[in-house]
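Peer 1: Requesting a structural model of the entry that follows:
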Amino acid sequence: MRSMRIDTIVAPDNPFFDWGSIGEREVLHEKGFKRMIALERKRSERSKEPFLLMLVDAGDNPESNDGQHVLESMISVLMECSRDTDVIGWYRERGILGVMFTALMVNDKNLILTTILNRISSMLRDQLTFDQFNRVNLSFHFFPDDWDHSSPKGPTNETLYPDLMNPGSRKRSLLLVKRSLDMAVSAVGLALLSPVFLAIAAAIKLTSKGPVFFRQDRVGQYGRLFTVLKFRSMYVQNDCSVHKDFVMKLIRNQAQPTNNEGAGVYKLTNDRRITPLGKFLRRVSLDELPQIINVLIGDMSLVGPRPPIPYELAAYQTWHRRRILEAKPGITGLWQVTGRSQVKFDEMVRLDLRYATSWSLWLDLKILLMTPMAVIKGSGAY
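Peer 2: Here you go, the predicted structure:
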């Protein structure tokens, strides 16, 4: 994201934009404009053509006569400075205007910025006073955006995801019910399974050196890091590069997922790092039980996509990211229980996205009821 006042640009105009005259255009209301941002993200994922979201803030008191004059001038200028393929609307109703410059064919972001800013600033100087001109602030948000894969805060620019960060009231209500069920079931599960937890913990301490729990950074919803808990199934101080190489090939569709001999889709077969007890725990997915704690504290849900390791996310294509943007990660999920765990990574992502877009409480219940059979068959561990 870049933010600057428009009087800072002195670069000459550049010719790659076909400004032209476009006639009458519609300024979309806030809901419609944010829906268009979501649609444009998906289009950009398919076409590989980036877009630029420019937000225009007229400063304090936008409802005043002076503020209204600035906004009206901005609308007029944006109409002239955008193309037929670009989209204009309210990012915040009657407060912040937005323009999506779509299908950008130039990779030089600085060139795009200087071209747009030079054009807008020269036109606004003719319509606003000096004080009004200085109050106008522009911010720029390119998609695909750069993610810091090691940052605990997740994506560097949430502005591009208003539909995901602020869902509608109906979806918020349903998500609140889902969260309530997660808390209730995980709390009851911890109470009922406490003897199993103690037995497994004792077995781990008796059979190998090291801690009972294995802790690992995972990427949660919106790219935020959290620590996942599992029962330790490996010897301590092992080399993770073998698994990293395997997963990188899996994501690039160069490796076929496998789950024979009790290994999950993301787990290697015949992995010498695994203890004898750990092999049994993995076969029946008991190593995953501590993730109930992650569900209770809100990092995960009972049902949702598998939370990736940061180095996996670094290998994702742009459209792969949607699997962690549109749903909270879960202990079990759609592709684990539908017998589709032998498909390649892209198909797994599509199944995660199908779950996110068709999610309902009934679907969660069906997946939970199908999970025990998936574990018995050996397809539920990951």
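Peer 1: Sticking with Arg119, tell me its helix or strand.
Peer 2: Secondary structure assignment for Arg119, by DSSP states H and E: helix 109-124.
Peer 1: which helices and strands does that helix pack with?
Peer 2: The contact analysis (3 or more C-beta pairs under 8 Å, 6 or more residues apart in numbering; DSSP states H and E) places helix 109-124 against strand 51-57, helix 65-80, strand 137-143. Heads up, the C-betas are built off the backbone N, CA and C, glycines and all.
Peer 1: For this protein, which segments count as helices?
Peer 2: In the chain, the segments counted as helices under DSSP state H are 30-47, 65-80, 109-124, 130-135, 162-165, 169-207, 241-251, 276-283, 291-297, 310-313, 322-325, 334-337, 345-358, 361-377.
Peer 1: so which of those comes closest to Trp147?
Peer 2: Closest of these to Trp147 is helix 310-313, at 7.3 Å (criterion: C-beta to C-beta).
Peer 1: if we can go back for a sec, can you tell me which of the helices and strands packed on helix 109-124 is packed in deepest?
Peer 2: strand 51-57 (a mean of 22; mean count of other C-beta atoms under 10 Å).
Peer 1: now it: mean pLDDT?
Peer 2: What strand 51-57 shows for mean pLDDT is 89.
Peer 1: And stretch 374-382, by the same measure?
Peer 2: For stretch 374-382, mean pLDDT rounds to 63.
Peer 1: What count of nearby residues applies to Leu111?
Peer 2: 13 (other C-beta atoms under 10 Å).
Peer 1: and it, what pLDDT?
Peer 2: As predicted, Leu111 sits at a pLDDT of 78.
Peer 1: Ok, the one 3 residues further on next?
Peer 2: With respect to pLDDT, Thr114 scores 79.
Peer 1: Kindly report the same for the one 4 residues further on.
Peer 2: Per-residue confidence for Asn118 comes out at a pLDDT of 77.
Peer 1: Next, count neighbours for it.
Peer 2: Counted with other C-beta under 10 Å, Asn118 comes out at 17.
Peer 1: could you measure it against Gln237, distance?
Peer 2: Between Asn118 and Gln237 the computed distance is 58 Å (C-beta to C-beta, to the nearest Å).
Peer 1: Ok, Thr159 next?
Peer 2: Using C-beta to C-beta, Thr159 is found at 42 Å from Gln237.
Peer 1: and what of Gln127?
Peer 2: Using C-beta to C-beta, we find Gln127 at a distance of 67 Å from Gln237.
Peer 1: residue contacts, Gly305?
Peer 2: No Gly there; residue 305 is Pro. Contacts for Pro305 (C-beta atoms under 8 Å, 6 or more residues apart in numbering) come out as 323-324, 327, 329-330, 333, 352, 355-356.
Peer 1: Over to Lys230?
Peer 2: Contacts for Lys230 (C-beta under 8 Å, 6+ apart) come out as 213-214, 216, 287-288, 290-291.
Peer 1: sorry, back to before: just send the contacts of Pro305 back as TSV, with distance to Leu181, neighbour count and pLDDT too.
Peer 2: Below are the contacts of Pro305 laid out as TSV (distance: C-beta to C-beta, whole Å; neighbours: other C-beta atoms under 10 Å; pLDDT from 0 to 100):
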residue	distance to Leu181	neighbour count	pLDDT
Arg323	22	24	90
Ile324	21	27	89
Ala327	15	22	91
Pro329	16	26	95
Gly330	12	25	95
Gly333	16	26	90
Asp352	20	24	91
Tyr355	16	22	93
Ala356	17	19	90
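Peer 1: For Gly98, which of the helices of the chain is the nearest?
Peer 2: Among the helices of the chain, the nearest to Gly98 by C-beta to C-beta is helix 30-47 (6.0 Å).
Peer 1: still on that earlier bit, more crowded one of Thr159 and Gln237?
Peer 2: Neighbours per residue, other C-beta under 10 Å: of Thr159 and Gln237, the larger number sits with Thr159, 19 against 8.
Peer 1: Could you find the closest non-adjacent residue to the more buried one?
Peer 2: Nearest-residue entry for Thr159: His141, 5.0 Å, with adjacent residues in sequence omitted and distances by C-beta to C-beta, 6 or more residues apart in numbering.
Peer 1: Low-confidence ranges, the protein, go.
Peer 2: Along the chain, the parts satisfying pLDDT under 70 run over 1-25, 59-67, 106-108, 148-156, 254-270, 339-343, 378-382.
Peer 1: Show me it divided up by domain.
Peer 2: The record assigns the chain these domain ranges, following automatic domain parsing: 2-144, 169-377.
Peer 1: looking at those, which is closest to Asp163?
Peer 2: Using C-beta to C-beta, the domains of the chain put domain 2-144 closest to Asp163, at 4.4 Å.
Peer 1: quick one: the closest one to chain centroid distance?
Peer 2: Centroid displacement of domain 2-144 relative to its chain, using C-alpha atoms, centre = their mean, to the nearest Å, is 25 Å.
Peer 1: switch to numbering from 759
Peer 2: Taking 759 as the first residue, the last one we looked at is domain 760-902.
Peer 1: hmm, back to that, can you point out the buried residues in the helix holding Arg877?
Peer 2: The neighbour-count check on helix 867-882 (16 or more other C-beta atoms under 10 Å) flags 870-879, 881-882 as buried.
Peer 1: could I get those as TSV with distance to Arg793?
Peer 2: Below are the buried residues of helix 867-882 laid out as TSV (distance: C-beta to C-beta, whole Å):
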residue	distance to Arg793
Ile870	24
Leu871	26
Thr872	30
Thr873	27
Ile874	23
Leu875	27
Asn876	31
Arg877	27
Ile878	25
Ser879	30
Met881	28
Leu882	28
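Peer 1: With respect to Val785, which of the residues you listed is nearest?
Peer 2: Ile878 (16.1 Å).
Peer 1: can I assume the closest one is in contact with Ser840?
Peer 2: No: assessed by C-beta atoms under 8 Å, Ile878 is found out of contact with Ser840, at 10.0 Å.
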